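1. build the 3D model from these lines:
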Amino acid sequence: MDIWRAAVSLPLHWTVSILQGKGRRLGVRPFSACPPPSHARAKMTAALFQKVALLLSFLLPDVRPTPCDLSIQPVNPIVPFGGSVTLNCTSSCANDTQLKWESSVQGGIQQADGWTSVSFDNITGWDFQPLCFRGSTQDPVRTLVYLYQFSSPEIHLASDIMAGHWHTIVCNVSHWKVSDKAPHNIDLSLSSGGRILSSSQGSSSLQYASVAKLEQDGAEISCVARLELGQEVLQKTANGTLKVYAGPHNVTVSSSVSTYKAGSSITITCHADGNPDPEFAWKLPSRDNVEFSDSNRTITVRSAQGSHNGTYRCLVQNTYGNTSAELDLLYEGASRSWVPIVVVVVLALVFLFGFGVYSLIRK
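-> As a prediction, the model looks like this:
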């Protein structure tokens, strides 16, 4: 096989001489006992060489060098604006020592057989694409660094939300930006108590309007912003607390009795809803022997007398309104003390009427 390899690499007349010499050594007769003319001999030699070369192209292995494949990891790293990143370039040739980096920012390089790495700090270029290469005969490989700015969402709530009135919750991301060539999308969602109130896609602002209820006071509102960047999802959350206010309402006054006798003990209670908690005051027939408790919600009349007969009015107020409710108490002693007098008067009138009628009849 060596003679055929040599035939490929040597000039034509050398190859023919070698082949002829090889033939003599092997006891093979030369091409022709009677050499043809020189021009015919040249054509025959050329044709023979072409056939030999064609045969060798199928038999001999390809001796061209195999290129070394390069790759960069991570691919399209996601880095915050002004952040840092480390890139690794590896070669499929384990002993490759010709790897180099090229970029618009200088970085710290480390290198060994078959690989090289570079670290970049304070990256601010929105089209930052470092490349790795070996020599000038092979195409370089590059990666685009996905740079981003992404501020936390903000929740805006009205300062005075009144129960029974419409109010609006606003959530927005004030600033965000990504590399122009980076695939991206931004989503927002508002939720409370695990329930989604509203959501949006492709917008950095979101609003939700509803009628406020007093039971919603103190409810936590969450706004979640999701930035899909390349193959990753960046998420940030903001929380706010709903404050719902209401004037006094559902005011009621109740008493342990509706009528009483002298010396009785009477308890009267006033109830009202509101936020902030309402304040209580009373307008009473008499304040004698009256005790106040439970932040003036309850009054107790010790040893009630006739002077305590009448209307008990509860006055309720807070920052957002005022109202009242009332209750009447009837003193039994006061109402029944007239019964004997009325009976006597009626009997007297009957007696006088009867006596008058009797007198007229006798006449």
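2. going by C-alpha atoms from here, please, whenever you check contacts or count neighbours.
-> OK.
3. pull the number of nearby residues for Lys261.
-> By the measure other CA atoms under 10 Å, the count of residues near Lys261 is 16.
4. would you confirm that it contacts His308?
-> No: counting by CA atoms under 8 Å, Lys261 stays clear of His308, with 10.4 Å between them.
5. find residues that contact each of those two.
-> Overlap of the contact sets of Lys261 and His308 (by CA atoms under 8 Å, 6 or more residues apart in numbering) consists of Tyr331.
6. distance of Trp115 from Gly108?
-> As judged by CA to CA, to the nearest Å, Trp115 and Gly108 stand 14 Å apart.
7. what's the answer for Lys261, then?
-> The value you get for Lys261 to Gly108, if CA to CA is used, is 99 Å.
8. now do the same for Ile299: helix, strand or coil?
-> Here Ile299 is recorded as strand under DSSP: H, G, I helix; E, B strand; the rest coil.
9. now swap in the one 5 residues further on and tell me
-> Using three-state DSSP, the secondary structure recorded for Ala304 is coil.
10. was I right about Gln106 contacting Phe120?
-> Yes: using CA under 8 Å, Gln106 makes contact with Phe120 at a distance of 7.1 Å.
11. quick one: which of these two has more around it?
-> Per other CA under 10 Å, whichever of Gln106 and Phe120 has more neighbours is Phe120, with 17 against 12.
12. ok, for that one, nearest residue in space, not its chain neighbours?
-> Gly107 (4.8 Å; CA to CA, 6 or more residues apart in numbering).
13. same thing with Ala209?
-> Excluding its sequence neighbours, the residue lying closest to Ala209 (CA to CA, 6+ apart) is Thr168, at 4.3 Å.
14. now do the buried residues in the helix or strand the one you found falls within.
-> Thr168 belongs to strand 166-172 when assigned by DSSP states H and E. The neighbour-count check on strand 166-172 (16 or more other CA atoms under 10 Å) flags 167, 169-172 as buried.
15. between those, which is closest to Phe49?
-> Closest approach to Phe49 among the buried residues of strand 166-172 (CA to CA): Asn172, at 80.3 Å.
16. which stretches of this protein have low pLDDT?
-> 1-39, 41, 52-66, 136-137, 334-342, 358, 362-363 (pLDDT under 70).
17. tell me the domain ranges of it?
-> 2-59, 70-148, 152-242, 250-336 (automatic domain parsing).
18. so which of those domains comes closest to Phe351?
-> Of all the domains of the chain, domain 250-336 comes closest under CA to CA, at 23.6 Å.
19. wait, is Ile361 part of a helix?
-> Yes: assigned with three-state DSSP, Ile361 falls within a helix.
20. separation between it and Phe355?
-> 10 Å.
21. so those two - more neighbours on which side?
-> Neighbour totals were compared for Ile361 and Phe355, and Phe355 leads with 11 against 7 (other CA under 10 Å).
22. mind checking the SS state of that one?
-> Applying three-state DSSP: Phe355 is helix.
23. likewise Val79?
-> Reduced to three states by three-state DSSP, Val79 is strand.
24. what are the bridge partners for it, then?
-> Beta-bridge partners for Val79, by DSSP bridges, are Leu147.
25. next, count neighbours for it.
-> Val79, neighbours per other CA under 10 Å, totals 17.
26. for it, what are its contacts?
-> Counted by CA under 8 Å, 6+ apart, Val79 has contacts 85, 145-148.
27. tell me which of those residues is nearest to Val316?
-> Looking across the contacts of Val79 and measuring by CA to CA, the closest to Val316 is Tyr148, at 56.3 Å.
28. now do the helices in the stretch 251-363 of the chain.
-> 332-336, 339-362 (DSSP state H, counting those that start in this stretch).
29. now Tyr312: how far from Val145?
-> Tyr312 is 78 Å from Val145, by CA to CA.
30. out of those two, which sits in the busier spot?
-> Per other CA under 10 Å, whichever of Tyr312 and Val145 has more neighbours is Val145, with 24 against 21.
31. hmm, Gln73 and that one touching each other?
-> No: using CA under 8 Å as the test, Val145 is too far from Gln73 to be in contact (11.1 Å).
32. which residues does Gln73 bridge with?
-> Asn88.
33. okay, it and Leu242: tell me how far apart.
-> 47 Å.
34. neighbour count winner among those two?
-> Leu242 (20 against 13).
35. having no further points to raise, I will conclude here.
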